[in-house]
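A.B. asks: Sequence and predicted structure are below.
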Amino acid sequence: MVIPSYRFWLNDNVIETRRIPVFTIDDIPPDVFLRVGGGNPVDLSRYDGGASFSLGSIRLNGIQKYTLDSANLLDEENASFEAGLWNEKPFDCSDEMPGDPQMSMEISEDATDGQEALLISSQNHYAGTLRTFPVKMQGEHVYKLSFDYRTLSGHKVMYFVDMKSARDKRKSVTQTIATADSKWHTAEVVLDPTYDDATEVDIWLYAPSFRNEDIVNLYDNLILTEYAVEEIPLPDSQIKSSESLELAENLSLLKGDNFVTRFWPTDNMLDQDLASFETGLWSEEPMDCSMDMEGEPIMSAEISNDASDGSQALRLSSDNHYAGSLMTFPARMERNYIYKLSFDYKTVSGNDAMYYVNMKSASGQEKASIENLTTTDSDWHTLETALEPPFDDVTQVEVCFYAPSDGNKSIVNLYDNVKVVPYWSKNLNQCYLFSPGEVSGSGAIKAVEYKRTSRYQTKVILHGASGTLLLRSRDRFSPKWALHPLEKTPAGSPSLSIPAGYQVLEKDDNRQASAEEVGLFIAENKISAVGSGFISKDFGASIRNDNLPNPPLVTALGGNTIPEAQHFELNGHENAWLVDVDELARNGYATDSEGGGYDVVFVIESKALLRSYAALLILGLAILVCVAFTLFHFNRWVKEMRNRSAKI
């Protein structure tokens, strides 16, 4: 799916949102690990965002999926303390601390697995117990260690894991965990040995007392499981370019659906039947593209049933000149995107093929490239190459195929299945990994209507919305910003008309909607209020409307809020919320829209708004107190003066 871009006015500036491409890796359950670009494995079942890596590392190291491949590797090794304590007494793991250690260790019947658990306590030192487990670990696999713990006093547990190899290599992990209660909890840690001959794992469990803290901890049910690796292929990783093209380097993972490899849909921008020769030849006769060569050209162009796509392909041959077949396709391309040209080719005779591509703008600018292709067999091959438009108004793409005979040999080539697809946005610099859960289907929307009520608050109305949408705000990202849907709020009056005497000021004629445009907005249900306030033109289905009624002063005091898990930092500094419109409608936060979909009213609001009103309230109260104090003393002074006058 692709979340489309929108253009709108914000504080007298034209803002255009970026298209957000979303792609999925199919059949990824939520209980696996992903290693992206050689980084640390990500446990999707517990992933909460924050990992980042470079695009180059993905191309170099790929993406691996790790699936559970074993039962508990510690089953036979007293991992649940059913066979008693690991050691006769606890180790003093901080003997440099002052005083004699006051610690103990015993078996407890308060267990989560079986009948027994470890109870370890200390009042002044780090008390620890150790078990060395014999295991055989593979460097290409990852492992997950989990255990249950409970803090009876002190609310602090600690563990240390050391993987040891036969060649004395070691890799360790340690963590201190704070708890807020005395309930049983489960800790999980990913172990990534990175070498093949790890044969032992030391596991330490502690009661980490520091400076006379009373620490009493319970531990139970240690489980070590192995996850086997599977390489996930990277589509389009072999795309080539005739020049250096700069792509976004930093990617980020946040919550949501699983995607990491392909960034755009594969719909062909060219007429598929024409580009695959299903409608016949591009021209009745081949072009002589080397008229300076001697002799009369001996060449032909015909349709062949030997096709790689559909039932027909182009067969182009020449015995002595460069024979060519050219087609000009309408295709709108933008400078901020990179596109992929691909086609299938087969050399029947001569082992030499050749193509030419030219991007043409409406203003007459052109960018062309040509390339020779050499094969060593007569099989079908596929060429993929990047196209980077150097200007914004590309409206046509010319493609020409050749049978490039130099006069000394006969060339017979087949061509088929020409495609141009969007490949990458140069503005793309973030990628989101959603897990668990799915983003299913593309969102749709008729119009976005909005009013900026203050620097801390914006009212937004989505008209005719459905599916999943990414609502973006250019305010600098902060968890203090929140998105509030207003429950069953009517989007506007059912009957609107163009205000009498509606005028467009000369200074605003390039951005303010005309009376005719306002009438069209009303007819298409794109606006919900009219009046003397400013109404902008329709910039990519986004309309600023200053006639909208203001939302409540502080929505956060009584309104619902889109969960923070659906609030993302976009493009390194902006706020964005992933909104499921259909889910909001089921929960009573949307009304049916004429023509299909829903109308949903939101308020984007910062917590700073509440603070500013609180400050104004405090200031107002202070002023009232001062006025009351002044009036009290003034009245008192007046009475005193009257009393003095009466005595005189």
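C.D. replies: Looks like it came in fine. Residues are numbered from 1 along each chain as shown.

A.B. asks: what's the helix or strand for residue 273?
C.D. replies: helix 272-275 (DSSP states H and E).

A.B. asks: I would like the residues contacting that helix, please.
C.D. replies: 268, 278-279, 282, 310, 327, 329, 417-419 (C-beta atoms under 8 Å, 6 or more residues apart in numbering). Where C-beta positions appear, they are placed from N, C-alpha and C, glycine not excepted.

A.B. asks: swap in stretch 504-519?
C.D. replies: Here stretch 504-519 has contacts from 9, 14, 498, 502, 521, 527, 530, 534-538, 543, using C-beta under 8 Å, 6+ apart.

A.B. asks: What residues sit buried inside stretch 505-513?
C.D. replies: Buried residues in stretch 505-513, counted by 16 or more other C-beta atoms under 10 Å: 512-513.

A.B. asks: what is the mean pLDDT for that stretch?
C.D. replies: Mean pLDDT, stretch 505-513: 79.

A.B. asks: just to revisit the earlier point, would you mind listing which of the contacts of helix 272-275 are buried?
C.D. replies: 268, 278, 282, 327, 329, 417-419.

A.B. asks: coming back round to it: now the helix holding residue 273, how far from the chain's geometric center?
C.D. replies: How far helix 272-275 lies from its chain's middle: 33 Å, per C-alpha atoms, centre = their mean, to the nearest Å.

A.B. asks: buried residues in stretch 332-347?
C.D. replies: For stretch 332-347, the neighbour count (16+ other C-beta under 10 Å) marks 333, 337-347 as buried.

A.B. asks: Those residues into JSON lines, with extra columns for distance to residue 182, pLDDT and secondary structure?
C.D. replies: As requested, the buried residues of stretch 332-347 are exported to JSON lines (distance: C-beta to C-beta, whole Å; pLDDT from 0 to 100; DSSP: H, G, I helix; E, B strand; the rest coil):
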{"residue": "333", "distance to residue 182": "63", "pLDDT": "85", "secondary structure": "strand"}
{"residue": "337", "distance to residue 182": "57", "pLDDT": "77", "secondary structure": "strand"}
{"residue": "338", "distance to residue 182": "57", "pLDDT": "79", "secondary structure": "strand"}
{"residue": "339", "distance to residue 182": "60", "pLDDT": "85", "secondary structure": "strand"}
{"residue": "340", "distance to residue 182": "59", "pLDDT": "85", "secondary structure": "strand"}
{"residue": "341", "distance to residue 182": "65", "pLDDT": "91", "secondary structure": "strand"}
{"residue": "342", "distance to residue 182": "62", "pLDDT": "91", "secondary structure": "strand"}
{"residue": "343", "distance to residue 182": "68", "pLDDT": "95", "secondary structure": "strand"}
{"residue": "344", "distance to residue 182": "67", "pLDDT": "95", "secondary structure": "strand"}
{"residue": "345", "distance to residue 182": "71", "pLDDT": "97", "secondary structure": "strand"}
{"residue": "346", "distance to residue 182": "73", "pLDDT": "95", "secondary structure": "strand"}
{"residue": "347", "distance to residue 182": "76", "pLDDT": "96", "secondary structure": "strand"}
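
A.B. asks: Those: which two are farthest apart?
C.D. replies: The span of the buried residues of stretch 332-347, defined through C-beta to C-beta, is set by 337 and 347 at 32.0 Å.

A.B. asks: circling back to that earlier point, tell me the one of the contacts of helix 272-275 nearest residue 224?
C.D. replies: When the contacts of helix 272-275 are compared against residue 224 (criterion: C-beta to C-beta), the nearest one is residue 419, at 48.6 Å.

A.B. asks: what about the closest one, which helix or strand?
C.D. replies: Short version, using DSSP H and E: residue 419 is in strand 411-425.

A.B. asks: could you dump that strand to PDB, C-alpha only?
C.D. replies: Output in PDB follows, covering the C-alpha atoms of strand 411-425 (Å, rounded to 0.1, in the frame of the first residue of the first chain):
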ATOM      1  CA  ILE A 411      22.000  -9.700 -35.500                       C
ATOM      2  CA  VAL A 412      18.600 -11.200 -34.500                       C
ATOM      3  CA  ASN A 413      17.100 -10.000 -31.100                       C
ATOM      4  CA  LEU A 414      13.900 -10.500 -29.200                       C
ATOM      5  CA  TYR A 415      12.500  -7.800 -26.800                       C
ATOM      6  CA  ASP A 416       9.500  -8.000 -24.500                       C
ATOM      7  CA  ASN A 417       7.800  -6.800 -21.200                       C
ATOM      8  CA  VAL A 418       9.000  -3.200 -20.900                       C
ATOM      9  CA  LYS A 419       8.200  -1.600 -17.600                       C
ATOM     10  CA  VAL A 420       8.900   1.700 -15.800                       C
ATOM     11  CA  VAL A 421       8.000   1.700 -12.100                       C
ATOM     12  CA  PRO A 422       8.700   4.100  -9.200                       C
ATOM     13  CA  TYR A 423      11.600   2.600  -7.300                       C
ATOM     14  CA  TRP A 424      12.700   5.000  -4.500                       C
ATOM     15  CA  SER A 425      11.900   8.400  -3.100                       C
END
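
A.B. asks: need the contact list for the residue nearest to residue 194 when sequence neighbours are not counted.
C.D. replies: Spatially, and ignoring its direct neighbours in sequence, residue 194 is nearest to residue 139 (5.4 Å; C-beta to C-beta, 6 or more residues apart in numbering). Listed by C-beta under 8 Å, 6+ apart, the contact set of residue 139 reads 193-196, 198.

A.B. asks: Need phi/psi at residue 139.
C.D. replies: phi -60, psi -30 (degrees, to the nearest 10).

A.B. asks: can you pull the pLDDT of it?
C.D. replies: On the pLDDT scale, residue 139 gets 82.

A.B. asks: How much space separates it from residue 69?
C.D. replies: Look at residue 139 and residue 69: by C-beta to C-beta, to the nearest Å, they are 14 Å apart.

A.B. asks: would residue 641 count as being in a strand?
C.D. replies: No. Checked against DSSP: H, G, I helix; E, B strand; the rest coil, residue 641 lies outside a strand; its state is helix.

A.B. asks: tally of neighbours for it?
C.D. replies: Other residues within reach of residue 641, judged by other C-beta atoms under 10 Å, total 10.

A.B. asks: Residue 630 - that's part of a strand, no?
C.D. replies: No. Read with three-state DSSP, residue 630 is helix and lies in no strand.

A.B. asks: residue contacts, it?
C.D. replies: Contacts of residue 630 (C-beta under 8 Å, 6+ apart): none.
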